[in-house]
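> could you work out the structure for the sequence below:
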Amino acid sequence: MASPRTGEGDRVVGIAGLSIEPTQHRIELAVGQRWTWYALDAVGIVGTIGDGVIHSQVADGPMQLNVEDGEIESNDLAVLIPDGYGMTSSVDEWCPLANFFPTEASATVGATSTG
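Numbering: from 1, shown residues only. Have a look, this model is predicted:
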């Protein structure tokens, strides 16, 4: 598990993929909104709670995924999980590359652009 992220005054602003600071993956839950470090964090957190909305800013543009009863309401969705070999910070280097894509074809294009 990644170490906690701290902000001003060493206060914890993120841990275990969940953040109070904005990232490219915002989740809306009954208890309010939070952000996640990468796409699968959003799916896991919202899916575990059961209902919510995932808003992601990805290369193909903004995506909104509705989750009801732990299931994503989408038929066409791909998630790119890139190789993190040689990266020194999973949160800063790897997480921004692990994203949703509207189709498998667009994820393939995304994979070639990440190296």
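
> what's the helix or strand hosting Val13 packed up against?
In this assignment (DSSP states H and E), Val13 forms part of strand 12-15. Contacts defined by 3 or more Cβ pairs under 8 Å, 6 or more residues apart in numbering; DSSP states H and E place strand 12-15 against strand 5-6. In this view, the C-beta of every residue, glycine as well, is placed from N, C-alpha and C.

> quick one: distance of the strand it packs on to the chain centre.
Put simply, strand 5-6 sits 17 Å off its chain's centre (Cα atoms, centre = their mean, to the nearest Å).

> try stretch 103-114
For stretch 103-114, the distance to the chain centre is 16 Å (Cα atoms, centre = their mean).

> please pull out the lowest mean pLDDT helix or strand from this protein.
The helix or strand of the chain with the poorest confidence is helix 104-113; it has a mean of 77 (mean pLDDT, DSSP states H and E).

> by contact count, what packs against it?
strand 78-79.

> again, only using 10 Å
strand 78-79, strand 100-101 (3 or more Cβ pairs under 10 Å, 6 or more residues apart in numbering; DSSP states H and E).

> the last one pairs with which strands?
With DSSP bridges as the criterion, the sheet partners recorded for strand 100-101 are strand 78-79 (antiparallel).

> all strands of this protein, in order?
In the chain, the strands defined using DSSP state E lie at 5-6, 12-15, 18-19, 25-29, 32-36, 52-58, 61-68, 71-72, 78-79, 100-101.

> most neighbours per residue, which of the ones you listed?
Greatest average neighbour count among the strands of the chain goes to strand 100-101 (a mean of 26), per mean count of other Cβ atoms under 10 Å.

> I'd like the average pLDDT over stretch 80-100.
Across stretch 80-100, the average pLDDT comes to 84.
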